[in-house]
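In: No sequence on hand, only this structure:
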């Protein structure tokens, strides 16, 4: 799965959390820039798991800080990184 | 202050909750009068938030056994069972629980939390997979954090989603261990256990079933959801607690696995904590006996569940999806829940306030738990008082819904 496609989908799912006019890109910090708390993060994962038809293990989440990290995680799980 | 900076948002929300008048997370019971009544802030208060499902906390036989054990064996074991040894009571209670469940083995833990922590974290090795329900109790989540296993959540009570996730793991090595609960502690709903067991068998997985809130509550003999559904033989490990139906504290796991006892020297939350004091072991052993001798306690509990659940439903409250001893009242916001909780306490009714993130889907709840020892008058009074505070807060759509009640 191409990195741009994954990024596009993740950006769409994160859109409700976007603050101000700043666009979401690979460098966006999910917790700090978007104020996604741990519970919202869990719900987001469920949503992404649906969209990408993949299970994202909980133990990978501490490694995910930025949108780019999330893109890489999804691509690795899809075997396309 | 930097060390505590990370708690800023928690401090802010706790301060906001306390501003309503009392701290829901540090209620002081000045005296406990019975399984269903206490004095709080000088008032006689009906307890509807203590998980004391069978009302055995003041059971004569249990109290008597505890007092006797206290005199004979002292106040505590002062250490763990691997270091200080087991008392005959520990062994006896394990035998009784194994017999009760018709299982080969039982291990008793110092708390229910530690039973989940210990069993889950020890059984799952680095190559294994834990597949847990998304609404799992904190003890299950914390157990997952202690393992090197891969942890995957499936949608709450969704056997099809569990199936999908196990299918994705079809070509991976490592054991697959499913973790579900008999009754979920916040909303009081039950796992669709027959479907989950079918998925488990299809994929050759193991299953751990936490019957903390269902032991003593479900099943002809009180063995929980697995007994009701008729799938006990398919459950590899049953975990439970002594702090609900059996009225004390402690946890256990039963299993038929031939090598189960190796966990006694592998399971850190069992090995590195002091064992249950003899008085608790004695009261739990007696309470188990009482529970078995008096199935009418369960009949009474369910009659009480009907009184509370139907009573609240008729008055227009939005409740948890399934009838059971946990009756969750959904409220529109945490602020309203806090307000109602406080108004209820002042009216002499104690329930649990349950707020996100401890609740599923960010919902705010007044969580009631029903006891076999509640009288109908007490529960009618709870319904009336909850209705009253909700009406005063402008919550219930009065004329239509109240008229429907007749």
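Out: Ah, there it is. Keep in mind it's a predicted model, so treat the numbers as computed, not measured.

In: For chain A, which segments count as strands?
Out: Along chain A, no stretch is classed among the strands by DSSP state E.

In: So which residues on it come close to chain B?
Out: A:37-39, A:42-43, A:45-46, A:54-59 (CB under 8 Å from any CB of the partner chain). Where you see a C-beta, it was placed from the backbone N, CA and C, and this is true even at glycine.

In: Apply 7 Å and report the result again.
Out: Within reach of chain B by CB under 7 Å from any CB of the partner chain, chain A has these residues: A:38-39, A:46, A:55, A:57-59.

In: I only care about the residues you listed that end up buried; give me the ChimeraX line for that.
Out: Buried residues within the residues of chain A next to chain B, by 16 or more other CB atoms under 10 Å in any protein chain shown, are selected in ChimeraX with:
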select /A:46,55,57,58,59
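
In: Stretch B:81-91: end-to-end distance?
Out: In stretch B:81-91, first residue to last residue: 11 Å (CA to CA, to the nearest Å).

In: Then stretch A:16-34?
Out: Distance across stretch A:16-34, first residue to last, is 9 Å (CA to CA).

In: which SS class is the closest residue to residue A:59 other than its chain neighbours?
Out: For residue A:59, ignoring the flanking residues on the chain, the nearest one in space by CB to CB, 6 or more residues apart in numbering or on different chains is residue B:151 at 5.4 Å. Following DSSP: H, G, I helix; E, B strand; the rest coil, we place residue B:151 in the strand state.

In: Thought residue B:142 was touching residue B:151, still the case?
Out: No. Applying CB atoms under 7 Å, one finds residue B:151 not in contact with residue B:142, separated by 11.4 Å.

In: Show me which of these two is the more surrounded one.
Out: Each of residue B:151 and residue B:142 has its neighbours counted (other CB atoms under 10 Å in any protein chain shown); residue B:151 has more, 24 against 15.

In: And that one, how far from residue B:45?
Out: In this view, residue B:151 and residue B:45 are 40 Å apart by CB to CB, to the nearest Å.

In: Next step: the residues of chain A next to chain B restricted to helices.
Out: Judged by DSSP state H, helices contain the following of the residues of chain A next to chain B: A:38-39, A:46.

In: what about the helix or strand where residue B:180 lies, average pLDDT?
Out: Per DSSP states H and E, residue B:180 falls inside strand B:176-181. Mean pLDDT, strand B:176-181: 98.

In: any idea how far it is from the chain center?
Out: Counting by CA atoms, centre = their mean, to the nearest Å, strand B:176-181 is centred 16 Å from the centre of its parent chain.

In: Quick check: can you name the pairing partners of that strand and their directions?
Out: strand B:129-133 (parallel), strand B:206-210 (parallel) (DSSP bridges).

In: Format those as JSON lines; extra columns: mean pLDDT.
Out: What follows is the strands paired with strand B:176-181, written out as JSON lines (pLDDT from 0 to 100):
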{"stretch": "strand B:129-133", "mean pLDDT": "98"}
{"stretch": "strand B:206-210", "mean pLDDT": "98"}
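
In: ok, now which ones touch residue A:69?
Out: residue A:63 (CB atoms under 7 Å, 6 or more residues apart in numbering or on different chains).

In: quick revisit: ok, the ones in helices among the residues of chain A next to chain B vs chain B, which is closest?
Out: residue A:39 (4.3 Å; CB to the nearest CB).

In: neighbours around the nearest residue to the closest one once chain neighbours are set aside, how many?
Out: Closest residue to residue A:39 apart from its sequence neighbours, by CB to CB, 6+ apart: residue B:357 at 4.3 Å. Using other CB under 10 Å, residue B:357 has 12 other residues around it.

In: what's the distance between residue B:357 and residue B:212?
Out: 20 Å.

In: Now for residue B:67, how many residues are close by?
Out: For residue B:67, the neighbour count with other CB under 10 Å is 13.

In: Next one, pLDDT for it please.
Out: 98.

In: how about residue B:121, secondary structure?
Out: With three-state DSSP as the criterion, residue B:121 reads helix.

In: just to confirm, which helix or strand has residue B:194 in it?
Out: helix B:193-203.

In: tell me which strands and helices that helix is in contact with?
Out: helix B:159-168, strand B:176-181, helix B:225-229 (3 or more CB pairs under 7 Å, 6 or more residues apart in numbering or on different chains; DSSP states H and E).

In: Pick the most deeply packed of the ones you listed.
Out: Highest mean neighbour count among the helices and strands packed on helix B:193-203 (mean count of other CB atoms under 10 Å in any protein chain shown): strand B:176-181, with a mean of 26.

In: Could you list the low-pLDDT ranges of the chain?
Out: Unless you meant another one, I'm taking chain A. Scanning chain A with the threshold set as pLDDT under 70 gives A:80-81.

In: could you do chain B instead?
Out: Under the criterion pLDDT under 70, the flagged ranges of chain B are B:1, B:397-406.

In: Give me the longest helix you can find in it.
Out: Chain B, longest helix under DSSP H: helix B:296-314.

In: following that one, which helix or strand shows up next?
Out: Assigned by DSSP H and E, the successor of helix B:296-314 is strand B:318-319.

In: what does that following strand contact?
Out: B:309, B:312-313, B:327-330.

In: Give me the sheet partners of it and which way each runs.
Out: When DSSP bridges is applied, strand B:318-319 pairs with strand B:326-331 (antiparallel).

In: Show me what counts as buried in the next helix-or-strand element following the strand it pairs with.
Out: Downstream of strand B:326-331, the next assigned helix or strand under DSSP H and E is helix B:334-346. Judged by neighbour count using 16+ other CB under 10 Å, the buried positions of helix B:334-346 are B:334, B:336-346.

In: And for helix B:334-346, what's in contact with it?
Out: Outside helix B:334-346, the residues touching it (CB under 7 Å, 6+ apart) are B:17, B:20-22, B:24, B:40, B:331, B:351, B:353, B:355, B:364-366, B:385-386, B:389-390, B:393.

In: Please list the members of these that lie in helices.
Out: B:17, B:385-386, B:389-390.

In: Looking at those, spot the one nearest residue B:239.
Out: residue B:17 (31.3 Å; CB to CB).

In: Near the closest one, how many other residues are there?
Out: Residue B:17: 21 neighbours (other CB under 10 Å).

In: Buried ones in the helix holding residue B:194, by neighbour count?
Out: Result for helix B:193-203 [16+ other CB under 10 Å]: buried residues B:193, B:195-197, B:199-200, B:203.

In: Out of those, which comes closest to chain A?
Out: Once CB to the nearest CB is applied, the member of the buried residues of helix B:193-203 that ends up nearest chain A is residue B:203, at 13.5 Å.

In: Grab the nearest non-local neighbour of residue B:17.
Out: Residue B:17's closest residue in space is residue B:338 (CB to CB, 6+ apart), at 5.3 Å.

In: and what of residue B:157?
Out: Nearest one to residue B:157, counting by CB to CB, 6+ apart, is residue B:192 at 5.6 Å.

In: before we move on, what about residue B:245?
Out: residue B:216 (2.8 Å).

In: Residue B:306 now?
Out: residue B:323 (7.3 Å).

In: Would you confirm that the one you found contacts residue B:305?
Out: Yes. Here residue B:323 reaches residue B:305: they are 5.9 Å apart, a contact under CB under 7 Å.

In: Run through who's touching the helix holding residue B:194.
Out: Residues contacting helix B:193-203 (CB under 7 Å, 6+ apart): B:159, B:162-163, B:166, B:176, B:178, B:180, B:207, B:225-226, B:229, B:231, B:234.

In: Quick check: of those, which lies closest to chain A?
Out: Distances from chain A to the contacts of helix B:193-203, taken by CB to the nearest CB, are shortest for residue B:166, at 9.5 Å.
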